[in-house]
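1. got a sequence here, can you build the structure:
(one chain, ligands or ions: 4)
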Amino acid sequence: MSRSLQFFTPSRSPYFTLHKLPSTSYTRFPVINFPSKKHYITITKSLSSDLDAASSQVLDSGNGQTGVSGVLSADNVVAVQSHAPSESGAAAGIEVDAVTEAELKENGFRSTRRTKLICTIGPATCGFEQLEALAVGGMNVARINMCHGTREWHQMVIERVRRLNEEKGFAVAIMMDTEGSEIHMGDLGGAASVKAEDGEIWTFSVRAFGTPRPERTINVNYDGFAEDVKVGDELLVDGGMVRFEVIEKIGPDVKCRCTDPGLLLPRANLTFWRDGSLVRERNAMLPTISSKDWLDIDFGIAEGVDFIAISFVKSAEVIKHLKSYIAARSRGSDIAVIAKIESIDSLKNLEEIIQASDGAMVARGDLGAQIPLEQVPSAQQKIVQLCRQLNKPVIVASQLLESMIEYPTPTRAEVADVSEAVRQRADALMLSGESAMGQYPDKALAVLRSVSVRIEKWWREEKRHEAMVLPDVGTSFADSISEEICNSAAKMANNLEVDALFVYTKTGHMASLLSRCRPDCPIFAFTTTTSVRRRLNLQWGLIPFRLGFSDDMESNLNKTFSLLKARGMIKSGDLVIAVSDMLQSIQVMNDENDCHRKTEELGSANLAVTVSLNKAY
Ligand SMILES: Nc1ncnc2c1ncn2[C@@H]1O[C@H](COP(=O)(O)OP(=O)(O)OP(=O)(O)O)[C@@H](O)[C@H]1O
Ligand SMILES: CC(=O)C(=O)O
Ligand SMILES: [K+]
Ligand SMILES: [Mg+2]
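-> Ligands and ions are numbered 1, 2, ... in the order given. Below is the predicted model:
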């Protein structure tokens, strides 16, 4: 038996274009009550010739699975070929990364990790094998921080990640993080760190010191530094990891006494405080995107990075400006802009900044230097919730596992912090120093992975779904339909306890809308382009695949089921709900390939969506 519901546009013909034939002619099928078997055979045949003709039909899975091409025969039997060297022929001849394969095969769909993981790449992780270890360990996005390293170094990292994706079938995205023009220290003349002891007198200056750097001197990047600070001010390094008191100003030099000793790290952020408040003097007028940042952005566009994260965002205008700059420079490319929330100004304009962005990062390192530390957790929760309401991916970053820079196990408090971010259902967690220059990058990533999976499972078992109100985000009626369909599909998925949601999406938008609902089951997102696939790798619960697919859902589903089954990633009896943003229909099919359709009018909708409830057979 099968049930279906179909939305369509009355202004359109009651016939739908279902499949584009290789000859560029179109096959049209009636909507209402036609014999579905015949319908199937016709589609299968046309799809089969399509596939035969186009060897580019590939299915790439999200996390380290190699390209597979499928050829559909008339009886829906699929031959699977791997593009990469296989270990043991035929259906097993598909290279799948250990994590995703094990998760899908051993424990079924439901146990796959939903929270995405970002690793900052630095000296500890820039080698090809080190990057591969991170990808195998679950890295979804590699972050490069333009505060550190040369452009050549970053280019090398990007090239290696791309090569890793091509050769090993990963879909690791690249995020470029700008330096910004906030005040920070120089690079310490190459030293990894220097110790400031209690009571020592240090000189902070815009002067460039020679090499070797004179003892107890720190170069500062901001020309107005000596004018902005006053004797008596408190100078905080990295939000208070080390503290100084300003005792004297001599021309460009600012003499300070260390009041809280600690390690000074290269290019550490500097803030100064007066009477318990952060001082915003002329430094408040510094541009969010410096001239050096613009050059880095040009570099990022040329390299085709997937995300550009903007440091110290103050307003929505800068995000809008950058997005139009990117649109003008990179025709057809879709670099997403992430707003880093790490300043008082960004908190003041939070909603409009997030609305203008393609996602946000709770950059707790610098945020904790600008607001009292005890306010950081509530700010985090607020940002995470707002992002979900506005349908923007959100990253929780900094000091998640800080002690693992030096030690192989995290503190209990760190595990609790990671758990809280997972419980808040943030899209992604980010490692900074732990992966960039720590001693245990792989172990830190493994901790994020295991804690994520465990907390997600606990949350599902306890059925502790917070009833978050998800306001409408669609700005057109068409968008509203997509949104309603996704909300309903996610709810159905939870109520029916299905194994997975499938979404066929060209732009990724409907995949985001499903992810926003945070359903109990994972979401397999099928998209036709590699860049969309990589971009979706940042979002909660999405397992992105690249797949050549048509406008016809039934053949897409047959093809997908067959390909996934041949790889052992789904099994007979798995129940799936599928959503698509390409075809104006909702349909249900069952294992007899029997399909009935019922039609309902939907006002003046100019878009409709396909939802299918399917059982693998
Ligand atoms: N490309 C790199 N080369 C050398 N060291 C790096 C690099 N990237 C990061 N690091 C090291 O890892 C540490 C943590 O990285 P992270 O990206 O969090 O930098 P950060 O300086 O704290 O700035 P941000 O506020 O942008 O996160 C840095 O302080 C630096 O010591
Ligand atoms: C990530 C970042 O920039 C911060 O935490 O400050
Ligand atoms: K940065
Ligand atoms: Mg920062």
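2. give the helix, strand or coil label for residue 421.
-> Following DSSP: H, G, I helix; E, B strand; the rest coil, residue 421 is assigned to helix.
3. so it makes contact with residue 430?
-> No: between residue 421 and residue 430 there is no contact under C-beta atoms under 8 Å: 9.8 Å. (Each C-beta comes from the backbone N, C-alpha and C, glycine too.)
4. what is in contact with the two at once?
-> 396, 400 (C-beta atoms under 8 Å, 6 or more residues apart in numbering).
5. in the stretch 451-600 of the chain, which spans are strands?
-> Secondary structure of the stretch 451-600 of the chain (DSSP state E, counting those that start in this stretch): strands located at 500-504, 523-527, 542-547, 575-580, 599-601.
6. not counting sequence-adjacent ones, nearest residue to whichever residue of the stretch 351-500 of the chain sits closest to ligand 4?
-> Using C-beta to the ion, the single residue of the stretch 351-500 of the chain nearest to ligand 4 is residue 366, 3.6 Å away. Excluding its sequence neighbours, the residue lying closest to residue 366 (C-beta to C-beta, 6 or more residues apart in numbering) is residue 342, at 3.8 Å.
7. what's the closest non-adjacent residue to residue 384?
-> Using C-beta to C-beta, 6+ apart, the closest residue to residue 384 is residue 424 (4.7 Å).
8. so how far is residue 567 from the residue of the stretch 51-200 of the chain found nearest ligand 4?
-> Ranked by C-beta to the ion, the top residue of the stretch 51-200 of the chain for proximity to ligand 4 is residue 180, at 7.5 Å. To residue 567, residue 180 is 44 Å away according to C-beta to C-beta, to the nearest Å.
9. and the protein, what are its domains?
-> Domains of the chain are assigned by automatic domain parsing as 6-89+470-615, 115-181+291-461, 188-285.
10. looking at the ones you listed, which is closest to ligand 1?
-> Ligand 1 lies closest to domain 115-181+291-461 among those, at 3.0 Å (C-beta to the nearest ligand atom).
11. which of the strands of the stretch 451-600 of the chain sits closest to residue 216?
-> Of all those, strand 542-547 sits nearest to residue 216, with 50.2 Å by C-beta to C-beta.
12. and the closest one, what other elements does it pack with?
-> Here strand 542-547 touches strand 59-60, helix 509-516, strand 523-527, helix 530-536, helix 553-566, going by 3 or more C-beta pairs under 8 Å, 6 or more residues apart in numbering; DSSP states H and E.
13. determine which stretch of those is the most buried.
-> strand 523-527 (a mean of 28; mean count of other C-beta atoms under 10 Å).
14. just checking: what are the partner strands of that strand?
-> strand 500-504 (parallel), strand 542-547 (parallel) (DSSP bridges).
15. nearest to residue 305, of those strands?
-> Closest to residue 305 of these is strand 542-547 (C-beta to C-beta; 17.1 Å).
16. extract the C-alpha set from the closest one and format it as CSV.
-> What follows is strand 542-547, C-alpha atoms only, in CSV (Å, rounded to 0.1, in the frame of the first residue of the first chain):
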residue,chain,number,x,y,z
LEU,A,542,23.5,16.5,7.7
ILE,A,543,25.4,13.7,6.0
PRO,A,544,26.1,15.4,2.6
PHE,A,545,26.5,13.3,-0.6
ARG,A,546,27.1,14.4,-4.1
LEU,A,547,24.7,12.6,-6.4
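17. the inter-axis angle of it versus helix 509-516?
-> 160 degrees (axes from the mean of the first three to the mean of the last three C-alpha atoms, to 10 degrees).
18. report the mean per-residue pLDDT for stretch 149-157.
-> Average pLDDT, stretch 149-157: 96.
19. now it: buried residues?
-> If you call a residue buried by 16 or more other C-beta atoms under 10 Å, then stretch 149-157 has these buried ones: 149, 154, 157.
20. do that stretch and ligand 1 meet at all?
-> Yes: contact between stretch 149-157 and ligand 1 is present through residue 149 (criterion: C-beta under 6 Å from any ligand atom).
21. show me the contacts for residue 195.
-> Counting by C-beta under 8 Å, 6+ apart, residue 195 makes contact with 261, 262, 263, 264.
22. what does stretch 218-233 contact?
-> Contacts for stretch 218-233 (C-beta under 8 Å, 6+ apart): 181, 183-186, 188, 202-209, 213, 235, 245-249, 251-254, 264, 270, 272-274, 279, 281-283, 286.
23. which among those residues end up buried?
-> By 16+ other C-beta under 10 Å, the contacts of stretch 218-233 give 181, 183-186, 188, 202-206, 213, 235, 246, 253-254, 264, 270, 272, 279, 283 as buried.
24. which ones among these are found in strands?
-> 202, 203, 204, 205, 235, 246, 253, 254, 264, 270, 272 (DSSP state E).
25. any chance of those in TSV, with distance to ligand 3 and pLDDT too?
-> Shown next, in TSV, are these (distance: C-beta to the ion, whole Å; pLDDT from 0 to 100):
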residue	distance to ligand 3	pLDDT
202	24	96
203	26	95
204	21	95
205	23	93
235	20	94
246	26	96
253	27	94
254	24	95
264	18	93
270	14	92
272	20	89
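26. no further questions, thank you.
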